[in-house]
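J.: Sequence first, predicted coordinates after that:
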Amino acid sequence: MSDDRNVKSCWIVTDGTTGMLKQSIAVAKSLNIEPAILQAHPTPILRVFPTLAKIPTWRLTMGRSPSWIRGPYPDYIISCGRRMAGLSIGLRRISKGRSKTIHIQDPGISPNYFDVLVVPSHDKIAASEQNFSNLVISTGSLSWLVKKQIMAGKSDMKERFGPLDSPQIVVMLGGNNKRYRVSASIVEKLAHDIFDYAQHKNARLIIIPSRRTPKKARMLFEALDKDKKHIFWDGAHGNPYPDILSIADEIIVTSDSVNMVTEACLLGKPVFVAHWGEEHGRLAKFHTIMNNSGFTRPLLQAGEAFKPKILNQMPQIAQKITAILNR
């Protein structure tokens with residue numbers, strides 16, 4: 001008979017942003033906790049100045065305050081993203097320390113405002129790990145996916161995309177983001193590079209676009225497939241991701257998404273990053289770390305020998321978080 005006294009309660013407080021919610025769920029799952037997912041939108045001023053939430057009676061959310069904000073409060077509160085930092089600080093205050101807070105991503109303020117702060121190694125604050133005992137460093141983003149879970153879908157993928165009588169290269173296409181717009185010339189060069197590599201390997205491409213993939217990119221990739229050898233998911237019939245990774249011999253991921261690159265590395269298969277263009281800042285640092293750590297290679301180096309590492313970080317991250325929370 002289980003001891004319910006050891007079962008921890010947990011809130012994930014989110015504004016609904018998919019990537020951030022996924023990372024919050026990944027932390028909860030790694031801690032073996034079933035969270036309640038609560039949606040809230042911090043006030044505009046709190047998004048910019050999150051430490052104001054420490055002021056007694058300071059308003060935390062837009063519109064009518066949700067009923068749950070008055071408690072009872074859980075053991076843990078998980079949040080993700082700079083704009084949610086103020087809510088985490090405010091809930092820590094009004095719970096009077098009842099709830100321990102776990103925040104993900106650099107909040108732009110001191111880690112001391114949270115019980116645990118989890119940041120990727122490409123964030124600037126990661127360099128301060130020795131100065132803050134509550135800082136946990138990840139490689140890339142956090143994912144709830146595990147190799148066993150992805151490989152469980154292999155038989156379905158074989159049936160859907162078979163026969164697999166040649167090497168299979170899964171291509172994960174991203175697209176426009178807040179850093180840059182993907183131009184027609186960039187798409188054309190990238191598409192030709194990918195098709196040339198597939199021809200060199202005598203491989204079939206299985207191309208999975210995202211919602212951010214420009215329409216012109218989809219049209220160009222389809223136009224280059226003159227022999228109809230390759231597969232281009234139409235976006236309408238059952239998204240095969242992430243199960244599609246199970247039948248990949250190699251994976252190509254565009255450079256715009258930390259999440260896609262990180263998840264592609266979960267299986268230990270060769271992952272090649274197709275760069276839309278020259279990256280800068282945090283994203284450039286991320287790709288340098290992934291390359292130097294043996295998880296990825298640039299697509300232009302795809303012909304070189306490459307024995308990739310498996311990225312399996314969630315058990316270690318959970319262990320570090322638990323140790324901090326139990327101090």
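T.: Yep, that arrived.
J.: can you pull the pLDDT of the nearest residue to Leu52 once chain neighbours are set aside?
T.: Distances taken as C-beta to C-beta, 6 or more residues apart in numbering place Trp58 nearest to Leu52, at 5.6 Å, with adjacent residues excluded. (Each C-beta comes from the backbone N, C-alpha and C, glycine too.) Looking at Trp58, its pLDDT reads 90.
J.: again, but for Ser183
T.: For Ser183, pLDDT reads 84.
J.: rewinding a little: does the residue nearest to Leu52 really touch Gly90, like I thought?
T.: Yes - the pair Trp58 / Gly90 is scored as a contact, 6.6 Å apart, by C-beta atoms under 8 Å.
J.: Between these two, which contacts overlap?
T.: Residues touching both Trp58 and Gly90 (C-beta atoms under 8 Å, 6 or more residues apart in numbering): Leu46.
J.: which of the two has more neighbours?
T.: Gly90 (23 against 17; other C-beta atoms under 10 Å).
J.: Check what pLDDT the more buried one gets.
T.: pLDDT, Gly90: 95.
J.: if I look at it, how far off is Cys10?
T.: 17 Å (C-beta to C-beta, to the nearest Å).
J.: Quick test: name the residue nearest the centre of this protein.
T.: Centroid-nearest residue in the chain: Asn259, 3.1 Å away (criterion: C-alpha atoms, centre = their mean).
J.: looking at this, it is in a helix?
T.: Yes - assessed with DSSP: H, G, I helix; E, B strand; the rest coil, Asn259 lies in a helix.
J.: picking up where we left off before, quick one: residues contacting the residue nearest to Leu52.
T.: Leu46, Leu52, Gly90.
J.: do the same with Leu145
T.: Per C-beta under 8 Å, 6+ apart, neighbours of Leu145: Pro242, Glu263, Leu266.
J.: who touches stretch 8-24?
T.: In contact with stretch 8-24 (C-beta under 8 Å, 6+ apart) are residues 25, 28, 31, 33-42, 68, 74-81, 83-84, 87-88, 91, 99, 104-105, 141-144, 259.
J.: Name only those of these that count as buried.
T.: 25, 28, 31, 33, 35, 38, 40-42, 74, 76-81, 83-84, 87-88, 91, 99, 104-105, 141-144, 259 (16 or more other C-beta atoms under 10 Å).
J.: Tell me which of these fall in helices.
T.: Among the buried ones among the contacts of stretch 8-24, the members falling in helices (DSSP state H) are Ile25, Ala28, Leu87, Ser88, Leu91, Asn259.
J.: which of those residues sit farthest apart?
T.: Distance extremes for these: the farthest pair is Leu91 and Asn259 at 25.7 Å, using C-beta to C-beta.
J.: separation between the residue nearest to Leu52 and Trp11?
T.: Distance from Trp58 to Trp11, by C-beta to C-beta: 19 Å.
J.: before we move on, what about Ser79?
T.: Applying C-beta to C-beta to Ser79 and Trp11 gives a distance of 9 Å.
J.: Correct me if wrong: Thr296 contacts Val261.
T.: Yes - if you go by C-beta under 8 Å, Thr296 and Val261 touch, sitting 6.5 Å apart.
J.: So between the two, which is more surrounded?
T.: A count of neighbours by other C-beta under 10 Å puts Thr296 above the other of Thr296 and Val261, at 29 against 26.
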